[in-house]
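[1] The following block contains a protein sequence and its predicted model.
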Amino acid sequence: MSGGVPRPAVCVYIAVSLDGYIARADGSIDWLDAMQWPGEDYGYAEFLAAIDTIVLGRATYDQLLTIGDWPLAGRQVVVLTHRPLASKRGERGHDGALGPLLRSLAAAGARRVYLDGGEAIRQGLRDDLVDEMTLPTVPILLGDGRPLFDRGLPESDWTLHASRSFASRLVQSVFRRRRDSV
């Protein structure tokens, strides 16, 4: 807490391979195509319905721009970037640390933030700002790629809140950060 304003809850929802990768080395996520089951969104719509603000990395933002419909409509979107950002749908850029951004968002009324993108998530974990992680695990070994977790992250304690399996063989786990109460 800073200045009397608590930060919003920071939540992650990201698919990961069995060996811990979120994308191939070239950034491709084509391996997720095998998990596209008719009528199944793995709880993503429910997760997104509880989110009021989305903070995502620039690479993830650029990838979202290549798909058809904008999936983040109706929510405030902040893109973490060091480069100029030409807003396409009302999103804004942020060049700086995640902690002050979260305090600013909280002061503006944000209560639940969806943090997306590999580097953005790792930054949130490094700064101990992530409160919940929903990790749909795809039963595939990629062998190489872009990892969700990297070396040097600080130790942190998590509790399994929920877990469920799907006909597609995907297993989804929801973890919540354990914090010492004062």
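    Happy to help now that I have it. Residues are numbered from 1 along each chain as shown.

[2] Beyond the helix or strand bottoming out on mean pLDDT in the chain, next helix or strand please.
    Across the helices and strands of the chain, mean confidence by mean pLDDT, DSSP states H and E is lowest for helix 58-64: a mean of 88. Later in the chain than helix 58-64, the nearest helix or strand by DSSP states H and E is strand 76-80.

[3] okay, now Phe166: neighbour count?
    When neighbours are defined as other C-beta atoms under 10 Å, Phe166 has 14 of them. No exception for glycine: its C-beta is placed from N, CA and C like everyone else's.

[4] same check, this time on Thr60
    22.

[5] List of residues touching stretch 119-131?
    Outside stretch 119-131, the residues within contact range by C-beta atoms under 8 Å, 6 or more residues apart in numbering are 7, 9-12, 14, 55-57, 59-60, 80, 97-99, 102, 115, 148-150, 152-154, 156, 176-177.

[6] can you pull the contacts of Tyr44?
    Tyr13.

[7] these two touch, right, Cys11 and Arg111?
    No - checked against C-beta atoms under 8 Å, the pair Cys11 and Arg111 is beyond contact range at 10.8 Å.

[8] which strands and helices sit next to the least confident helix or strand of the chain?
    strand 76-80, helix 118-126 (3 or more C-beta pairs under 8 Å, 6 or more residues apart in numbering; DSSP states H and E).

[9] again, only using 10 Å
    The contact analysis (3 or more C-beta pairs under 10 Å, 6 or more residues apart in numbering; DSSP states H and E) places helix 58-64 against strand 21-23, strand 53-57, strand 76-80, strand 112-116, helix 118-126.

[10] Ok, which of those comes nearest Gly143?
    strand 21-23 (8.5 Å; C-beta to C-beta).
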